[in-house]
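> The following block contains a protein sequence and its predicted model.
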There are 2 protein chains.
Amino acid sequence: MRIVVLAGGIGGARFLRGLKRAAPDAEITVIGNTGDDIHLFGLKVCPDLDTVMYTLGGGINEEQGWGREDESFTVKEELAAYGVGPEWFGLGDRDFATHIVRTQMLGAGYPLSAVTEALCARWRPGVRLLPMSDDRIETHVAIETDDGEQRAVHFQEYWVKLRAAVDAKAVVPVGAEQAKPAPGVLEAIAEADLILFPPSNPVVSVGTILAVPGIREAVASAAAPVVGLSPIVGDAPVRGMADKVLAAVGVEATAAAVAAHYGAGLLDGWLVDTVDAGTVADVETAGIRCRAVPLMMTDLDTTAAMAREALTLAEEVRAADTDADTSEGGAGA
Amino acid sequence: MRIVVLAGGIGGARFLRGLKRAAPDAEITVIGNTGDDIHLFGLKVCPDLDTVMYTLGGGINEEQGWGREDESFTVKEELAAYGVGPEWFGLGDRDFATHIVRTQMLGAGYPLSAVTEALCARWRPGVRLLPMSDDRIETHVAIETDDGEQRAVHFQEYWVKLRAAVDAKAVVPVGAEQAKPAPGVLEAIAEADLILFPPSNPVVSVGTILAVPGIREAVASAAAPVVGLSPIVGDAPVRGMADKVLAAVGVEATAAAVAAHYGAGLLDGWLVDTVDAGTVADVETAGIRCRAVPLMMTDLDTTAAMAREALTLAEEVRAADTDADTSEGGAGA
């Protein structure tokens, strides 16, 4: 079975670990968000790609969910001694090596997809990890400062430095309009047996991937079922500050509202947490098959169970489609 | 007093420490060799400039003479885990930060001289450190491999990887012909009260600096005395493998031969070690005032004493010039 997953950072990476457990024989292609990539110290940093790579490759700092385990911060301290920042972005020594290799390869002319493949040759994540695009796309967030001034900041500045403490007025994937999907992305979507939206941020992770021209259309027209898992449980994000950026695009921070935001044109199935069982009927009314199951990724077992529920829901979608095809066929016979 | 020093790496840096002690009120300008600069991992590494900066700024690894004290090698280990080398060049984590800052600034368009000044703002070496040129110059060494093949390798590959174990057939400062002295270099030489060649490598350190068009001429025509200290004691280099590259330019590894290599056109005074007292007369016959004094930089005291001897010899040169001017004046009256 060929599974395509549109993944952001921590949530996507953890879900993928569960998915690998749930479907050990599947060929998994991960289309990674690169909208939160940032140039720091002259180096190209790809936080979401690296989080997926480190998590699946066994190098992640489990506690914080990003960065390398057993990390030191000598380089960062030295940069600070030179007065070179930003200091709010936590790059460790091990992590620096990844960005140095990436920047060197990009400088030598390799596209990001080839660089990512080369980095994965070390980490062997057990999935094919593709950046959504080889072109530079940077998610910017429009904010209003305390003195009423409007300005746009890089997503990382909004998320990490400002901790999303001010309201996001708009979220713009700068460069997306001119970007092309990376080699293999559209093919993987077209050939997939299943497409999954993990419980990643629907605006700045999955939404950014879908903003690359051609990807949304490919997902919408794919033969495979498209099943998503809600990143909102009750009235709050499972982790992170998704509510902040959902507000910027006028979407309520509820599982049902996120499903409606994706829409029946994209989603065939949607998993909400058991605490949101009351919204299942609403989602189904909107034309999206919905089930309420435990959605807390507390450990690998619960995460694998979530992935299994997504596979089961996909089977239901497929069966329903087949039934529909059969009835249509029957009607036409 | 304004002193200009043409410096290589370890020998030059240690001598400078002694000179600062010997002439605490002097304004010292160091013209640093950049011919052994190398691009590693996409980063610009300037070993000689950094050795001077770290040594005078109190950050040097005293035992090895280069690199940072209290150093760790996490980044390098990680790069090796990615299969990215070379592994023979010992870049530590603290050192990496310097190269990251430098590369970022160069990438932003600053010339190396401005970058060096910015780095020195942290280290406060107590001297003005100028790269010999803002243009890229790379010293290459022509070697003959065991199977008789001739090839050219970067100086660092010859020195660090091959440990100068094969004969150097030629030493070429690639790019020097098209290079210009960095801003301030020619002015510093012209305005100097004293110009010193420390016991640095006469071929790949001082020789490379002199290979930048305009610098040799400026030194030769400078009003100030030019005094050098022999890097060869007895029949061997004090440290390093200067004999290997001296052979490539057809110069014997003796204090007198190195003096003759620079020549009376450049040098006004030359210090040899006491063990080479027998060559003083030869050097003086060649028109270079010469003294035999202890030249082993075993500690700061002995190094400062060497620097004092150089200052004394410079005074002798100056006095002799004044005498000569006076006699000439007398003859003309």
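Yes, it's here. Remember, predicted model here, so these are calculated numbers, not experimental data.
> Count the neighbours of the nearest residue to A:Gln104 once chain neighbours are set aside for me.
Sequence neighbours aside, B:Gly42 is the residue nearest to A:Gln104 in space, at 3.3 Å (criterion: CB to CB, 6 or more residues apart in numbering or on different chains). For glycine as for every other residue, the C-beta is placed from the backbone atoms N, C-alpha and C. The burial count assigned to B:Gly42 is 21, neighbours taken as other CB atoms under 10 Å in any protein chain shown.
> for the one 3 residues further on, same thing?
For B:Val45, the tally of surrounding residues (other CB under 10 Å) stands at 21.
> And it, how close does it get to chain A?
According to CB to the nearest CB, to the nearest Å, B:Val45 and chain A sit 12 Å apart.
> so how far is B:Ala182 from that residue?
Counting by CB to CB, to the nearest Å, the separation of B:Val45 from B:Ala182 is 18 Å.
> ditto for A:Gln156
Applying CB to CB to A:Gln156 and B:Ala182 gives a distance of 36 Å.
> Could you do A:Val249 as well?
In terms of CB to CB, A:Val249 sits 52 Å off from B:Ala182.
> what about those two, which has more around it?
B:Ala182 (24 against 14).
> Spatially nearest residue to the more buried one, not counting backbone neighbours?
Nearest one to B:Ala182, counting by CB to CB, 6+ apart, is B:Ser113 at 4.3 Å.
> Check the one you found and give its pLDDT.
If you check B:Ser113, the pLDDT there is 98.
> what number of residues lie near it?
19.
> what does A:Val251 give?
For A:Val251, using other CB under 10 Å, the count is 20.
> what do you get for A:Gly263?
12.
> Run the chain-centre distance for the helix or strand bottoming out on mean pLDDT in chain A.
When the helices and strands of chain A are scored by mean pLDDT, DSSP states H and E, strand A:236-237 comes last with a mean of 78. Relative to its parent chain, strand A:236-237 has a centroid offset of 16 Å by CA atoms, centre = their mean, to the nearest Å.
> try stretch A:215-235
With CA atoms, centre = their mean as the basis, stretch A:215-235 stands 11 Å off its chain's centre.
> again with stretch A:87-94
With CA atoms, centre = their mean, you get 22 Å for stretch A:87-94.
> Can you give me the buried ones in that stretch?
A:Phe89, A:Leu91, A:Gly92, A:Asp93, A:Arg94 (16 or more other CB atoms under 10 Å in any protein chain shown).
> Identify the residues contacting the last one.
Residues counted as contacts of A:Arg94 (CB atoms under 8 Å, 6 or more residues apart in numbering or on different chains) are A:Gly59, A:Arg68, A:Asp70, A:Glu71, A:Ser72, B:Thr74, B:Val75, B:Glu78.
> Tabulate these (CSV), appending pLDDT and distance to A:Asp134.
Below are the contacts of A:Arg94 laid out as CSV (pLDDT from 0 to 100; distance: CB to CB, whole Å):
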residue, pLDDT, distance to A:Asp134
A:Gly59, 96, 24
A:Arg68, 97, 25
A:Asp70, 95, 32
A:Glu71, 97, 29
A:Ser72, 97, 32
B:Thr74, 97, 29
B:Val75, 98, 26
B:Glu78, 97, 24
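> What separation do you get for the residue nearest to A:Gln104 and A:Ile100?
7 Å.
> what do you get for A:Pro198?
On the measure of CB to CB, A:Pro198 and A:Ile100 end up 29 Å apart.
> Repeat that for A:Gln150.
For A:Gln150, the distance to A:Ile100 equals 36 Å [CB to CB].
> which of these two has more neighbours?
Neighbour count, other CB under 10 Å: between A:Gln150 and A:Ile100, A:Ile100 has more, with 28 against 10.
> From what I see, that one and B:Thr74 are in contact.
No: taking contacts as CB atoms under 8 Å, A:Ile100 lies outside contact range of B:Thr74: 11.8 Å.
> ok, which stretches of the stretch 101-250 of chain A are strands?
A:128-131, A:138-144, A:150-154, A:168-174, A:194-197, A:226-229, A:232-233, A:236-237 (DSSP state E, counting those that start in this stretch).
> Touching the last one from outside, list them.
Among residues not part of strand A:236-237, those counted as contacts by CB under 8 Å, 6+ apart are A:Asn201, A:Pro231, A:Asp243, A:Ala253.
> Now render these as a markdown table, adding pLDDT, neighbour count and distance to A:Ala320.
Listed next are the contacts of strand A:236-237 as a markdown table, based on pLDDT from 0 to 100; neighbours: other CB atoms under 10 Å in any protein chain shown; distance: CB to CB, whole Å:
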| residue | pLDDT | neighbour count | distance to A:Ala320 |
| --- | --- | --- | --- |
| A:Asn201 | 93 | 29 | 29 |
| A:Pro231 | 94 | 29 | 25 |
| A:Asp243 | 83 | 17 | 32 |
| A:Ala253 | 93 | 19 | 29 |
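> quick one: which of these is nearest to chain B?
A:Asn201 (28.6 Å; CB to the nearest CB).
> With adjacent residues omitted, what lies nearest to that closest one?
A:Ala242 (4.8 Å).
> Any idea how far the biggest helix by length in chain A is from the middle of the chain?
Across chain A, the longest stretch assigned as helix under DSSP state H is helix A:300-332. Centroid displacement of helix A:300-332 relative to its chain, using CA atoms, centre = their mean, is 23 Å.
> got the buried residues for it?
Under the neighbour-count criterion of 16+ other CB under 10 Å, helix A:300-332 has A:303-314, A:316-318 buried.
> Mind checking the pLDDT average for it?
Mean predicted lDDT for helix A:300-332 stands at 85.
> picking that back up, let me know the closest of the buried residues of stretch A:87-94 to chain B.
For the buried residues of stretch A:87-94, the nearest to chain B is A:Asp93 (3.9 Å; CB to the nearest CB).
> From what I see, the closest one and B:Val75 are in contact.
Yes: with contact defined as CB under 8 Å, A:Asp93 reaches B:Val75; the gap is 5.4 Å.
> before we move on, back to that, buried among the contacts of A:Arg94? Need that as a selection in PyMOL.
Typed into PyMOL, the line below selects the buried ones among those, using 16+ other CB under 10 Å:
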select buried, (chain A and resi 59+68+71) or (chain B and resi 74+75+78)
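> Now intersect the contacts of A:Arg94 with the helices, please.
Mapping the contacts of A:Arg94 onto helices (DSSP H) picks out B:Thr74, B:Val75, B:Glu78.
> Surely the second one touches B:Phe96?
Yes: shown here, B:Val75 and B:Phe96 form a contact pair, counting by CB under 8 Å, at 5.1 Å.
> so what sits against both of these two?
A:Val75, A:Phe96, A:Ile100.
> contacting residues around the last one?
What that stands for is A:Ile100. Neighbours of A:Ile100 in contact, by CB under 8 Å, 6+ apart: A:Leu43, B:Phe41, B:Gly42, B:Leu43, B:Val75, B:Leu79, B:Phe96.
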